Structure formats: structure tokens, C-alpha cells
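Engineer: Starting from these lines, generate the structure:
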Amino acid sequence: VVASDGKHLPEFVSILPNRFSLGQVTEGIHWAYARCQSRTFEQSLWKIKICLAGRAAEEIVFGAVGVASSSAHEDLQEASEISYRLIAQNGFHSRYGQGEDTGANLFVVDDDAPAALKASSAEESVRLLSGLYEETKKVLVSKLPFLMAISDALLESKVLLESDMTCLLQHFEDRRSY
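Structural biologist: Numbers count the residues shown, from 1 in each chain. Prediction:
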């Protein structure tokens, strides 16, 4: 919702009790069932941002030293794996799509590749993750009032329907604070 400026509203949003985490960042329900399908580069970047969003939100709300030490491990691991696969196994690079691509990164790394090639792909993967993390944090900070309104509404009613989200979004657009 936030990253798409309200263009993609879910059918509902709810608080799901979970003793292992304080919150959860989710993606569209259609992607939840399409894990085995091939993703485009853009969809892969979107998935990485979703995985990073929980960590970024904790850092924004609680500060760098208040981030939970283990709660986002699986999300960070998934983001890292997607990033590494994009670079090492799919021939992309961290700035792919941001200018002219000369095709210089079409080399892919297999399991038997020398350690130096794997390390080079890992470094490029870290650059990709770093850029996406900063981008994700900027979106969350810029939309923080709207996110807090969603949070307050969820604490009140536990479930928000698409119509509730539309109303919240409209309220913020009218006040131009979103």
C-alpha cells in the first residue's frame, strides 16, 4: 500500500498474533501463492524490499540499537539469497535498469566457480541490498504518518477492510500529509 502510493490496496489488513515477532510485513496475496513462478528483475527487487521493510521499520521506530537481534533473520536471509541469485546466477548487477547495460555482467557463477568469483558476486549483491535498504527506509520515513494511522486503526478494530484503507488513504490525501 505504502510503496505503491495506495494503488494496490489489499482486500483486508489484520493483526496476526505471533509469539515470535512484534509485527509482520507482507506482500500481495497473489505472490504468497506464486513462490515457484519465475519473477522479473523488478518483482525480485520488490520482494527484497518487502523482506527488508520489517528491519527498516524497527530501525526507524526504535533506533539502531533498538532493533531486535533475531526477529528479522529469515527475511534478511531471503533478501540476501534473492540478491545473490540475481547477481551470481542470473547475470544482473546492482544498477541494472538504471542506464545503458553493456551486458558485461552476463557471466554467471556456478557451484564449482572459484571463491574469488563468488566473493565478487557477493560484494555486488551487498551493494544491491544496501541501495534497496536505503530506498525502503526513505519510503517508510516519508509515509510514517500514514503507517501510524494504519497501526492505530488496527489496534482499535483488529481488521481493516479495503474500504477502510481507502478511507484512511483519502483522509491523508485530503490533508496532504500523506
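
Engineer: Every contact and neighbour count from this point should use C-alpha atoms.
Structural biologist: Fine.

Engineer: Which stretches in this structure count as helices?
Structural biologist: Using DSSP state H, the helices of the chain run over 29-32, 41-62, 73-84, 115-142, 144-157, 162-175.

Engineer: could these be laid out in TSV, adding mean neighbour count, distance to N90 and mean pLDDT?
Structural biologist: Listed next are those as TSV, based on neighbours: other Cα atoms under 10 Å; distance: least, Cα to Cα, whole Å; pLDDT from 0 to 100:
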stretch	mean neighbour count	distance to N90	mean pLDDT
helix 29-32	10	20	48
helix 41-62	19	9	86
helix 73-84	18	9	89
helix 115-142	17	11	91
helix 144-157	14	35	82
helix 162-175	14	37	74
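
Engineer: now those in CSV, with distance to N105?
Structural biologist: As requested, the helices of the chain are exported to CSV (distance: least, Cα to Cα, whole Å):
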stretch, distance to N105
helix 29-32, 28
helix 41-62, 14
helix 73-84, 13
helix 115-142, 10
helix 144-157, 37
helix 162-175, 41
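
Engineer: closest one to H93 among those?
Structural biologist: helix 115-142 (6.6 Å; Cα to Cα).

Engineer: okay, stretch 121-140 in CSV with CA atoms only?
Structural biologist: What follows is stretch 121-140, C-alpha atoms only, in CSV (Å, rounded to 0.1, in the frame of the first residue of the first chain):
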residue,chain,number,x,y,z
SER,A,121,29.2,-11.7,-6.8
ALA,A,122,28.6,-11.4,-3.0
GLU,A,123,30.1,-7.9,-3.0
GLU,A,124,27.8,-6.8,-5.8
SER,A,125,24.9,-8.4,-4.0
VAL,A,126,25.6,-6.4,-0.9
ARG,A,127,25.6,-3.2,-3.0
LEU,A,128,22.2,-4.1,-4.3
LEU,A,129,20.8,-4.9,-0.8
SER,A,130,22.3,-1.6,0.6
GLY,A,131,20.7,0.5,-2.1
LEU,A,132,17.3,-1.2,-1.7
TYR,A,133,17.5,-0.9,2.1
GLU,A,134,18.1,2.9,1.9
GLU,A,135,15.3,3.2,-0.6
THR,A,136,12.9,1.2,1.6
LYS,A,137,13.8,3.4,4.7
LYS,A,138,13.1,6.6,2.7
VAL,A,139,9.7,5.3,1.7
LEU,A,140,8.8,4.3,5.3
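
Engineer: contact partners of that stretch?
Structural biologist: Residues from elsewhere that reach stretch 121-140, judged by Cα atoms under 8 Å, 6 or more residues apart in numbering: 2-3, 45, 48-49, 52-53, 56-57, 60, 79-80, 83-84, 86-88, 93-95, 109, 147.
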